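Undergrad: the sequence and its predicted three-dimensional model are supplied below.
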Amino acid sequence: MYGRDPWGGPLEIAAADSATEDERSRNLQEYDRAALSRQLDETQQSWLLGHGEKMKKKKYVDLGCIMVSRKIFKWLVGCVAAAALVTVIITLIVKYAPRHHNHHPPPDNYTVALHSALKFFNAQRSGRLPKHNNVSWRRNSCTKDGIPHSIFKDLSGGYYDAGDAIKFNFPASFAMTMLSWSVIEYSAKYEAAGELQHVKDIIKWGSDYFLKTFNHTADSISQLVAQVGSGDTSNGNTRENDHYCWVRPEDIEYERPVTPCSSCSDLAAEMAAALAAASIVFKDNRAYSEKLVHGARTLYKFSRDQRGSYSRRSEASNFYNSTGYWDEFIWGATWLYYATGNTSYLQLATNPGLANHAGAFHGGPDYGVLSWDNKLTGAQVLLSRMRLFLSPGYPYEEMLRTFHNQTSIVMCSYLPFFTSFNRTKGGLIQLNHGRPQPLQYVVNAAFLATLFSDYLEAADTPGWYCGPNFYSTDVLRKFAETQLDYILGKNPRKMSYLVGYGNHYPKHVHHRGASMPKNKVKYSCKGGWKWRDSKKPNPNTIVGAMVAGPDKKDSFHDVRKNYNYTEPTLAGNAGLVAALVALSGDRRSGIDKNTLFSAVPPMFPTPPPPPAPWKP
């Protein structure tokens, strides 16, 4: 019988009965020795193999799917640890190190000039000044203006018109209208410049004063105040007044007469425009806005009922003579329509008869020149806006299209390719045909040109036609920029006509408060003449005042007594502010298309009337 050796070899097994006990014992001993020998061999081999693997483990690291050299493994772990450490350090630095905020780019020249130009209105305030007025050499003044024991007993407040202390409502209301218009169109730019609240305070100061100059709570009135103070020096008049005397407003002791009027369509309609425009500016203050609207309605009704010019047979004709009231009718009606949405005002604004009386169809040397006296061009631009964005159609389309075409012609006249207006050698457009005080007209034109350019761009229109030639909106903007750059110093004299801007600007501004030192001396009417006649620079800098400007030869005389060169005005500065904000900041921000139409209801074109019945 054959069996298998338990250690793996073959084994022949004899029958049990044929083997003796001794033989079996010897065989078992031999088996035990052989098995022990094999066991020792396998143990030795196992030990030797195990030692080799341990040696291998010292040189390599088993990562499961791959064996990696221990040196490489240590290098990788070190790199990862170092990267983690660097990341932690950077994170801590970013989190706890002092932060340096990214500085905004410096403001452009127009924004810098805007900050200055608005300060001028602070210097012109009359009455009890607010704490934040920020003009160190001004104090409360003329707080007793008014007519005792009448509805006009308190006429404190408002603004002095120029370098004197007279308050003229006609140019002042135009100034406030222009400021309100600029805020309505460019509120985002004012806010970006940090001046939105400031300019609204300026407008409110003027609006609050206007409400004092008539019975604003009534539905109809019979008179309003046109002027406070007097400046008549004609025929050798030596009576103490705001032109004959040279004293600070704070030191005035002479009588300040109040001039009411009962037939003043131009003034009333202009004041209505000012209050209506301001009501849009303050539409978030519902109670105040409604008060302004009610006052505007009352004034406009008065202007239509009591026909006449405010300056006829009055002292104002020597300073701010009105040449007609038809343009104010259109101007006031346009603003009242935007403030109320009442179509009766739109019907008046687009009335061909009013437009004809205002000179819309027969031009003239001053056609297209926006000023405190002539608002036709401003009204045409405002109504062109309606056509561009609302397209009301019949029955307004015909006149709106006419106004739009006329606006296009006016814009053409501003361009250097046309000869409607001459230019000085230095490039200043002569909108007043070489007469004195040119800058107030230039800034108004710069504002309208920029505004109309923004209107076209907002309407996705790249330009407009002047005859057969097409011009892009860029040429309008370029015109406005060249004119403002001239005012800010790019002119033959290298002089800025904005006081406080740049290093070279007028130092002898025709202004009583600025020309007299801040001291405790109270000068008499004639005692202040020495400061008027002094050849020294003004002791107080009236920052932001735009002077009257150079003559038609680019010449300028920095002489205090010559107001045709050195006197600033409220209306002039308002136009400057409007032009500066229109050109300031990011051009892409453009106009606010909706604010001006906030009170205008949705417009659906009225179908034209049916044709007359056919008759054979």
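TA: Yes, it's here.
Undergrad: with residue 483 as the reference, measure out to residue 421.
TA: 11 Å (CB to CB, to the nearest Å). In short, each C-beta sits where N, CA and C put it, glycine included.
Undergrad: quick one: which of these two has more around it?
TA: Comparing residue 421 with residue 483 by other CB atoms under 10 Å, the one with more neighbours is residue 483, at 24 against 19.
Undergrad: can I assume that one is in contact with residue 444?
TA: No - shown here, residue 483 and residue 444 do not form a contact pair, counting by CB atoms under 8 Å, at 10.4 Å.
Undergrad: what residues are shared contacts of residue 421 and residue 483?
TA: Residues touching both residue 421 and residue 483 (CB atoms under 8 Å, 6 or more residues apart in numbering) are residue 429.
Undergrad: hmm, residue 452 is touching residue 411, no?
TA: Yes - taking CB under 8 Å as the definition, residue 452 is a contact partner of residue 411 at 5.8 Å.
Undergrad: which neighbours do these two share?
TA: Counting by CB under 8 Å, 6+ apart, the residues touching both residue 452 and residue 411 are residue 476.
Undergrad: list the buried residues in stretch 215-230.
TA: Neighbour-count burial for stretch 215-230 flags 215, 216, 221, 223, 224, 225, 226, 227, 228, 229, 230 (criterion: 16 or more other CB atoms under 10 Å).
Undergrad: start and end of that stretch, how far apart?
TA: From its first residue to its last, stretch 215-230 covers 23 Å (CA to CA, to the nearest Å).
Undergrad: just stretch 309-319 next, same as before
TA: 14 Å.
Undergrad: same check, this time on stretch 601-615
TA: 40 Å.
Undergrad: mind checking how far it is from the chain centre?
TA: Put simply, stretch 601-615 sits 42 Å off its chain's centre (CA atoms, centre = their mean, to the nearest Å).
Undergrad: what does stretch 336-345 give?
TA: For stretch 336-345, the distance to the chain centre is 25 Å (CA atoms, centre = their mean).
Undergrad: what does stretch 290-304 give?
TA: Distance, centroid of stretch 290-304 to centroid of chain: 28 Å (CA atoms, centre = their mean).
Undergrad: for it, output the C-alpha coordinates as CSV.
TA: Provided in CSV are the C-alpha atoms of stretch 290-304 (Å, rounded to 0.1, in the frame of the first residue of the first chain):
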residue,chain,number,x,y,z
GLU,A,290,-48.1,120.1,-3.6
LYS,A,291,-47.6,123.5,-2.0
LEU,A,292,-45.2,124.5,-4.8
VAL,A,293,-47.6,123.2,-7.5
HIS,A,294,-50.5,125.1,-6.0
GLY,A,295,-48.4,128.3,-6.0
ALA,A,296,-47.4,127.7,-9.6
ARG,A,297,-51.0,127.3,-10.7
THR,A,298,-52.0,130.5,-8.9
LEU,A,299,-49.1,132.5,-10.4
TYR,A,300,-49.8,131.2,-13.9
LYS,A,301,-53.5,132.0,-13.7
PHE,A,302,-52.5,135.5,-12.6
SER,A,303,-50.1,135.9,-15.5
ARG,A,304,-52.8,135.0,-18.0
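Undergrad: now it: mean pLDDT?
TA: For stretch 290-304, mean pLDDT rounds to 98.
Undergrad: may I see the buried residues of that stretch?
TA: Those would be 291-300, 302-304, for stretch 290-304 by 16+ other CB under 10 Å.
Undergrad: and for stretch 321-329?
TA: Judged by neighbour count using 16+ other CB under 10 Å, the buried positions of stretch 321-329 are 322, 324, 325, 326, 327, 328, 329.
Undergrad: so of those residues, which ones are in helices?
TA: Residues of the buried residues of stretch 321-329 located in helices (DSSP state H): 326, 327, 328, 329.
Undergrad: quick check: residue 250 touching residue 139?
TA: Yes - counting by CB under 8 Å, residue 250 touches residue 139, with 4.9 Å between them.
Undergrad: let me see the mean pLDDT of stretch 419-430.
TA: The average pLDDT for stretch 419-430 rounds to 96.
Undergrad: and the end-to-end length of that stretch?
TA: OK, stretch 419-430 end separation, CA to CA: 11 Å.
Undergrad: in the stretch 401-550 of the chain, which segments are predicted with low confidence?
TA: Within the stretch 401-550 of the chain, no range satisfies pLDDT under 70.
Undergrad: quick one: the strands in it?
TA: 463-466, 469-472 (DSSP state E, counting those that start in this stretch).
Undergrad: closest to residue 134 out of the ones you listed?
TA: strand 469-472 (41.5 Å; CB to CB).
Undergrad: ok, residue 297 to residue 214 distance?
TA: Distance, residue 297 to residue 214, by CB to CB: 12 Å.
Undergrad: ditto for residue 199
TA: Distance of residue 199 to residue 214, given as CB to CB: 25 Å.
Undergrad: roughly how far is the helix or strand residue 575 falls within from the heart of the chain?
TA: Here residue 575 sits within helix 570-583, counting by DSSP states H and E. The chain centre lies 11 Å from the centre of helix 570-583; the measure is CA atoms, centre = their mean.
Undergrad: adjust the sequence numbering to begin at 12 for everything that follows.
TA: All right, first residue 12 from here; so that's helix 581-594.
Undergrad: now for that helix, which elements pack on it?
TA: helix 120-134, helix 180-204, helix 450-469, helix 484-499 (3 or more CB pairs under 8 Å, 6 or more residues apart in numbering; DSSP states H and E).
Undergrad: closest one to residue 92 among those helices?
TA: Comparing the helices and strands packed on helix 581-594 by CB to CB, helix 180-204 comes nearest, at 49.8 Å.
Undergrad: tell me the helix or strand right after the closest one.
TA: helix 207-223.
Undergrad: now the angle between helix 120-134 and that next one, please.
TA: Here helix 207-223 points in a direction 40 degrees away from that of helix 120-134 (axes from the mean of the first three to the mean of the last three CA atoms, to 10 degrees).
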